[in-house]
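*Asks:* sharing a sequence plus its predicted fold:
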Amino acid sequence: MPPPLIVHILHRFDIGGLESVLVNMINTMPEQSYRHVIISLTESSEFEKRINREDVEVICLHKQAGNDPKIHLKIWRLLRRLKPACVHTYNIATLEYNVIAFLAGIKKRIHAEHGRDIYDLDGSNKKYQYLRRAINPFVTKWVPVSNELAVWLADTVKLPKNKINLIYNGIDLELYRPKKYIEKGKCIIGTVGRMAAVKDQLTLIKAVEDLITETPKLRQDIRLVLIGDGELYPVIKKYIADHSLENNIELLGAREDVAQLLHDFDIFVLPSLAEGIPLTILEAMATALPVISTEVGGVPELIENGFQGYLIKPKDIKDLVDKIKLYIDNPELIAKHGACGREKVEENFSLRAMTKQYLQIYSI
């Protein structure tokens with residue numbers, strides 16, 4: 001008899017933190033425990049090649065933008081055919097399919113909250129709160145990835161606490177190894193993330209622009225490297241060209257070798273407007289990089305200000321410039337904060353610990 005099946009439903013199966021968590025979990029989970037099918041409402045990409053198992057099917061439904069009622073029938077038919085033991089949906093874009101899973105007779109329906117979108121950065125959107133409450137009877141477990149999200153689901157959205165199961169994202173500590181620091185006189189600042197409004201890479205670019213304008217002698221010593229692709233890539237590329245920043249800022253696009261590229265960085269910066277528990281910060285911490293990040297979502301659960309890095313307010317270019325200069329002027333802090341970050345990840349955010357918790361919640 002084959003192992004029980006988990007069907008994962010997400011908006012798009014492409015490079016991203018949520019998608020990386022899903023792939024890492026599937027790759028780590030023993031094959032004899034569960035089978036997996038991934039349903040992408042829209043499209044998939046080369047990213048699916050990161051799945052190391054031959055028995056995982058990815059199904060793309062090519063959903064049209066906006067309301068597409070045919071998708072509900074497609075998913076209902078798929079679930080009736082696949083007969084999974086559990087349906088696992090991700091973020092607000094897939095929440096409604098818990099109702100479809102219920103109508104298809106699926107007894108276990110888990111919904112994960114990995115972070116908020118650009119239309120609800122602080123979680124105050126009443127429409128989205130009402131939607132979650134309305135669909136709550138069809139969800140058997142809610143899985144937030146940060147304590148901030150867990151508290152928000154209970155206290156603001158008013159979901160039952162006994163249905164909320166906090167599971168922190170975890171990373172592969174064998175893949176992301178601590179870097180060795182070498183005094184080289186130059187400073188490489190790096191970031192990794194989808195190029196979208198919520199990630200706000202332009203604030204980081206403007207901070208570097210201000211830094212080399214205010215302190216011209218740093219122009220030869222500072223380089224910013226951005227890894228990632230997305231809808232704002234052309235906008236960001238144009239800004240760099242229009243402001244003659246090509247000698248200081250490099251766009252690498254989407255890359256498969258992020259674990260290796262992180263070893264080239266000296267400082268990691270995440271300028272996002274909203275986050276859950278950012279996988280990119282965990283990867284940087286595991287690489288023993290100090291982190292400067294906006295104080296959003298679950299980030300303060302990862303970064304203690306002045307220990308693993310520094311926290312700043314969103315879009316605060318001046319403070320970001322000041323924190324970068326602090327590291328440049330005090331290079332010993334780079335190694336010190338980086339080592340603290342690696343230690344924290346080892347203690348609290350391993351991939352095996354995360355996978356074990358998902359195995360437990362699937363078996364309940």
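*Replies:* Yep, that arrived. The structure displayed is predicted, hence computed values, not measured ones.

*Asks:* and Asp68, that one's in a strand?
*Replies:* No: per DSSP: H, G, I helix; E, B strand; the rest coil, Asp68 lies outside any strand segment and is coil.

*Asks:* look up phi and psi at it.
*Replies:* phi -130, psi 80 (degrees, to the nearest 10).

*Asks:* and it, what does it touch?
*Replies:* Residues near Asp68 by CB atoms under 8 Å, 6 or more residues apart in numbering: none. Every C-beta, even on glycine, is put in place using the N, C-alpha and C of the backbone.

*Asks:* that one and His62, how far apart?
*Replies:* Counting by CB to CB, to the nearest Å, the gap from Asp68 to His62 is 9 Å.

*Asks:* over to Ser363?
*Replies:* 33 Å.

*Asks:* before we move on, what about Pro137?
*Replies:* Using CB to CB, one gets 30 Å for the distance from Pro137 to His62.

*Asks:* again, but for Val225
*Replies:* In terms of CB to CB, Val225 sits 34 Å off from His62.

*Asks:* what about the two, which has more around it?
*Replies:* Set Val225 next to His62 and count neighbours by other CB atoms under 10 Å: Val225 wins out with 17 against 11.

*Asks:* verify the stated contact: that one with Asn248.
*Replies:* No: with contact defined as CB atoms under 8 Å, Val225 does not count as touching Asn248 (10.2 Å).

*Asks:* how about the contacts made by Glu246?
*Replies:* By CB under 8 Å, 6+ apart, the contact list for Glu246 reads Ile240.

*Asks:* shouldn't it be within a strand?
*Replies:* No: applying three-state DSSP, one finds Glu246 to be coil, outside a strand.

*Asks:* so what's it scoring on pLDDT?
*Replies:* Predicted confidence (pLDDT) at Glu246: the value is 96.

*Asks:* tell me how far it lies from Glu46.
*Replies:* To Glu46, Glu246 is 27 Å away according to CB to CB.

*Asks:* repeat for Lys107
*Replies:* 35 Å.

*Asks:* same check, this time on Asn348
*Replies:* From Asn348 to Glu46 the distance is 31 Å (CB to CB).

*Asks:* same check, this time on Met354
*Replies:* Plainly put, Met354 is 24 Å away from Glu46 if you go by CB to CB.

*Asks:* okay, the two: which has more neighbours?
*Replies:* Neighbour count, other CB under 10 Å: between Met354 and Glu46, Met354 has more, with 20 against 10.

*Asks:* checking the more buried one next. Helix, strand or coil?
*Replies:* helix.

*Asks:* list the residues that contact the nearest residue to it once chain neighbours are set aside.
*Replies:* Spatial nearest neighbour of Met354, chain neighbours left out: Gly170 (3.1 Å); criterion: CB to CB, 6 or more residues apart in numbering. Counting by CB under 8 Å, 6+ apart, Gly170 touches 21, 24, 282, 349-355.

*Asks:* mind listing the strands for this protein?
*Replies:* With DSSP state E as the criterion, the chain has strands at 5-10, 35-40, 57-60, 86-90, 108-113, 141-144, 187-192, 222-227, 249-253, 267-270, 291-294, 309-312.

*Asks:* redo these as TSV? Include distance to Met29 and mean pLDDT.
*Replies:* Shown next, in TSV, are the strands of the chain (distance: least, CB to CB, whole Å; pLDDT from 0 to 100):
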stretch	distance to Met29	mean pLDDT
strand 5-10	9	98
strand 35-40	8	98
strand 57-60	16	96
strand 86-90	12	98
strand 108-113	15	98
strand 141-144	15	98
strand 187-192	25	97
strand 222-227	27	97
strand 249-253	30	97
strand 267-270	28	98
strand 291-294	29	98
strand 309-312	31	98
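
*Asks:* what's near enough to touch Lys63?
*Replies:* By CB under 8 Å, 6+ apart, the contact set of Lys63 is 41-42, 71.

*Asks:* what pLDDT does the residue nearest to Leu218 when sequence neighbours are not counted get?
*Replies:* In space, Leu218 comes closest to Ile212 once its chain neighbours are excluded; the distance is 5.4 Å by CB to CB, 6+ apart. Here, the pLDDT recorded for Ile212 equals 96.

*Asks:* ok, Ile212 touching Ile222?
*Replies:* Yes: assessed by CB under 8 Å, Ile212 is found in contact with Ile222 at 5.9 Å.

*Asks:* any shared contact partners between the two?
*Replies:* In terms of CB under 8 Å, 6+ apart, Ile212 and Ile222 are both contacted by the residues Asn248.

*Asks:* want to throw the strands of the chain into JSON lines with distance to Leu202?
*Replies:* Output for the strands of the chain, formatted as JSON lines (distance: least, CB to CB, whole Å):
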{"stretch": "strand 5-10", "distance to Leu202": "27"}
{"stretch": "strand 35-40", "distance to Leu202": "28"}
{"stretch": "strand 57-60", "distance to Leu202": "31"}
{"stretch": "strand 86-90", "distance to Leu202": "27"}
{"stretch": "strand 108-113", "distance to Leu202": "27"}
{"stretch": "strand 141-144", "distance to Leu202": "29"}
{"stretch": "strand 187-192", "distance to Leu202": "11"}
{"stretch": "strand 222-227", "distance to Leu202": "10"}
{"stretch": "strand 249-253", "distance to Leu202": "11"}
{"stretch": "strand 267-270", "distance to Leu202": "12"}
{"stretch": "strand 291-294", "distance to Leu202": "13"}
{"stretch": "strand 309-312", "distance to Leu202": "15"}
